[in-house]
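>>> sharing a sequence plus its predicted fold:
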Amino acid sequence: MIYNIEFETLPREALEAIQLRRLKNTVERVYAVVPFYRKKFDEAGVKPEDIKTLDDLKRLPFTTKQDLRDNYPFGLFAVPMENVVRIHASSGTTGKPTVVGYTARDIQTWAELMARALSAAGATRGDIIHNAYGYGLFTGGLGVHYGAEKLGASVIPISGGNTKRQIMIMRDFGATILTCTPSYALHLAEVAREMGVDPRSLKLKAGLFGAEPWSEKMRQEIEEALDLVALDIYGLSEIIGPGVSVECIEAKKGLHIFEDHFIAEIIDPETGENLPYGEVGELVITTITKEAFPMIRYRTRDITSLNPEPCICGRTHIRMNRVTGRSDDMLIIRGVNVFPSQIESVLMEIEEVEPHYQLIVDREGSLDTLTVLVEVGEQAFSDEVRKLQELEKKIEKNIKEYLGVSAKVKLVEPKTIARSEGKAQRVIDKRKL
């Protein structure tokens, strides 16, 4: 089902006319009211009136996550704070989050886009949506929630965790659509079987899974385990949250980008040069309807390609292929962004440990795990076992509070972790092996 026939099936010429008009308005506004953008545009030698075609977008400078950190917390907002009705935030490498804001109209736009996404999964007013994305500063939970309400479906705001209770609720409430990370979907199936509940007996017919990279193999496992159609959804808080693009249930081949709200490009992550359709590179997105927090040529660091071919579902918007990785060093653990430098900042607050550590990322069953190996000083290592165990628990608690992700900390004796004359191997990601 297509939620908004008028805009999701626009002929290309009409769609590009809307994009150009909205792009011009956005560029004029950010140049006028956001000092950061005025400075960047001036340095690039480009003025709002220079944007005469969509191709002129390439003349504008990129925006990066570092720019968000440098302007923390509200330096990139394009409206007065009295017009900001919602603030979300995601993790950053320095401990300070990247902050995004929404006006009331932005929230309406977000709800519209998520209603489109849910419709692409076959959801209707008669469905019951089990929303196991996290609620709070993370954009996932509330994004899906407002989209479900916009669609007119019944939404269960279960959030994450307490898996056995989730199984009971899904079974007893008759949930038909599941939204969560793909790894958690598999975990739900495993726990259901442990409880003596056949996960295939649930009424689920489709699921929207995102917030972490996942493969076609995992899609097959999820569909087999839960007897549903598993679809990919993409979004990031800097752009709007979930609902930037989504797979359709008809094709399951690439994610439709809602181009009446976003302009997508693919660039070479090393040179910044634009790449043609079909070539793999870094996804860059420009928002053209956001009021509070517009983004001009935002470098997502996500690696993908664009496919302009028509889709059997009838939507005319371009499709992006599944994200295969990132061009930076960020890890995604159970849907949470984790940088090695964040772990380092936590460890450096503990005087008993040394500045030598290693992150081991693995997958147990269907869930990602993070183990932190960290050296302790000679004196601490000579302490009794009980004190070492207490220190491990303390560090685990600090990581959980600081990053919002659970990690297993293992203290090792001095000089156990290999040294390097070059760049230290901080991360061993066994999921890729």
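Arrived safely, thanks for sending. Treat the numbers as computed from the prediction; the structure is a model and nothing was measured.
>>> buried residues in stretch 352-360?
Using 16 or more other Cβ atoms under 10 Å as the burial criterion, the residues of stretch 352-360 that qualify are 352, 353, 354, 356, 357, 358, 359, 360. All C-beta atoms are positioned from the backbone trio N, CA, C, and that covers glycine.
>>> give me the mean pLDDT for stretch 160-177.
Average pLDDT, stretch 160-177: 96.
>>> kindly apply the preceding question to stretch 102-110 instead.
98.
>>> could you list the residues in contact with it?
Stretch 102-110 is contacted from outside by 79, 83-88, 143, 146-147, 240-241, 243, 261, 289-293, using Cβ atoms under 8 Å, 6 or more residues apart in numbering.
>>> what residues of that stretch count as buried?
Applying a neighbour-count criterion of 16+ other Cβ under 10 Å, one finds 102, 103, 106, 107, 109, 110 buried in stretch 102-110.
>>> the second one and residue 112: what is the separation?
For residue 103, the distance to residue 112 under the criterion Cβ to Cβ, to the nearest Å works out to 14 Å.
>>> just residue 413 next, same as before
Taken as Cβ to Cβ, the span from residue 413 to residue 112 is 57 Å.
>>> of the two, which one has the most company?
Counted by other Cβ atoms under 10 Å, residue 413 and residue 112 do not tie: residue 112 has more neighbours, with 21 against 13.
>>> I'd assumed residue 4 was in contact with that one.
Yes - counting by Cβ atoms under 8 Å, residue 4 is a contact partner of residue 112 at 7.1 Å.
>>> low-confidence ranges, this protein, go.
For the chain, the stretches flagged by pLDDT under 70 are 91-95, 329, 341, 419-424, 432-433.
>>> for it, longest strand please?
Selection of the longest strand in the chain by residue count, based on DSSP state E, yields strand 353-364.
>>> hang on, residue 379 in a helix?
Yes - assigned with DSSP: H, G, I helix; E, B strand; the rest coil, residue 379 falls within a helix.
>>> all helices of the stretch 201-350 of the chain, in order?
Ranges of helices within the stretch 201-350 of the chain are 216-226, 340-347, based on DSSP state H, counting those that start in this stretch.
>>> quick one: buried residues of the last one?
This points to helix 340-347. Those buried within helix 340-347 under the rule 16+ other Cβ under 10 Å are 340, 342, 343, 346, 347.
>>> between those residues, which is nearest residue 315?
Nearest to residue 315, judged by Cβ to Cβ, of those is residue 342 at 38.0 Å.
>>> gap between the closest one and residue 289?
32 Å.
>>> please apply the same query to residue 83.
Residue 83 is 15 Å from residue 289, by Cβ to Cβ.
>>> more neighbours, these two?
Higher neighbour count among residue 83 and residue 289: residue 289, with 19 against 16, using other Cβ under 10 Å.
>>> just to revisit the earlier point, just the contacts of stretch 102-110: which are in strands?
Of the positions in the contacts of stretch 102-110, 86, 87, 88, 241, 243 sit in strands, assigned by DSSP E.
>>> just the buried residues of those.
The neighbour-count test (16+ other Cβ under 10 Å) marks 87, 88, 241, 243 as buried among these.
>>> identify the bridge partners of the second one.
What that stands for is residue 88. Taking DSSP bridges as the rule, residue 88 bridges to residue 100.
>>> so how far is residue 142 from it?
Distance from residue 88 to residue 142, counting by Cβ to Cβ: 8 Å.
>>> quickly list what's touching both of those two.
With contacts defined as Cβ under 8 Å, 6+ apart, the residues shared by residue 88 and residue 142 are residue 241.
>>> the residue lying closest to residue 202 once chain neighbours are set aside: neighbour count?
Closest residue in space to residue 202, ignoring its immediate chain neighbours: residue 170 at 5.5 Å, by Cβ to Cβ, 6 or more residues apart in numbering. The local packing of residue 170 (other Cβ under 10 Å) involves 25 other residues.
>>> I figured residue 170 hits residue 128, correct?
No - between residue 170 and residue 128 there is no contact under Cβ under 8 Å: 9.1 Å.
>>> need the strands for the stretch 251-400 of the chain, in chain order.
Using DSSP state E, counting those that start in this stretch, the strands assigned to the stretch 251-400 of the chain run over residues 255-257, 262-267, 281-287, 298-304, 306-307, 319-320, 325-326, 331-333, 336-338, 353-364, 367-376.
>>> just how off-centre is the first one within its chain?
If you compare the mean C-alpha spot of strand 255-257 with that of the full chain, they lie 15 Å apart, counting by Cα atoms, centre = their mean, to the nearest Å.
>>> now the last one
From the chain centre to the centre of strand 367-376 is a distance of 23 Å (Cα atoms, centre = their mean).
>>> before we move on, what about the fourth one?
Relative to its parent chain, strand 298-304 has a centroid offset of 11 Å by Cα atoms, centre = their mean.
>>> pretty sure residue 283 sits against residue 318.
No - Residue 283 is not in contact with residue 318 according to Cβ under 8 Å; the separation is 11.6 Å.
>>> so these two - more neighbours on which side?
residue 283 (26 against 23).
>>> for the more buried one, give its distance to residue 55.
As judged by Cβ to Cβ, residue 283 and residue 55 stand 18 Å apart.
>>> now name the helix or strand holding residue 179.
strand 177-180 (DSSP states H and E).
>>> after that strand, which helix or strand is next?
Using DSSP H and E, the helix or strand that directly follows strand 177-180 along the chain is helix 182-194.
>>> if you count residues, where's the longest helix of this protein?
helix 12-33 (DSSP state H).
>>> what residues of the following helix or strand past it count as buried?
Heading C-terminal from helix 12-33, the first helix or strand you meet, by DSSP H and E, is helix 35-44. Judged by neighbour count (16+ other Cβ under 10 Å), helix 35-44 contains these buried residues: 36, 37, 40, 41.
>>> list just the nearest of the residues you listed to residue 61.
residue 40 (4.7 Å).
>>> quick one, what contacts the closest one?
Counting by Cβ under 8 Å, 6+ apart, residue 40 touches 61, 63.
>>> do that again at 7 Å, thanks
The contact partners of residue 40, by Cβ atoms under 7 Å, 6 or more residues apart in numbering, come to residue 61.
>>> now swap in residue 227 and tell me
Contact analysis of residue 227 by Cβ under 7 Å, 6+ apart lists residue 200.
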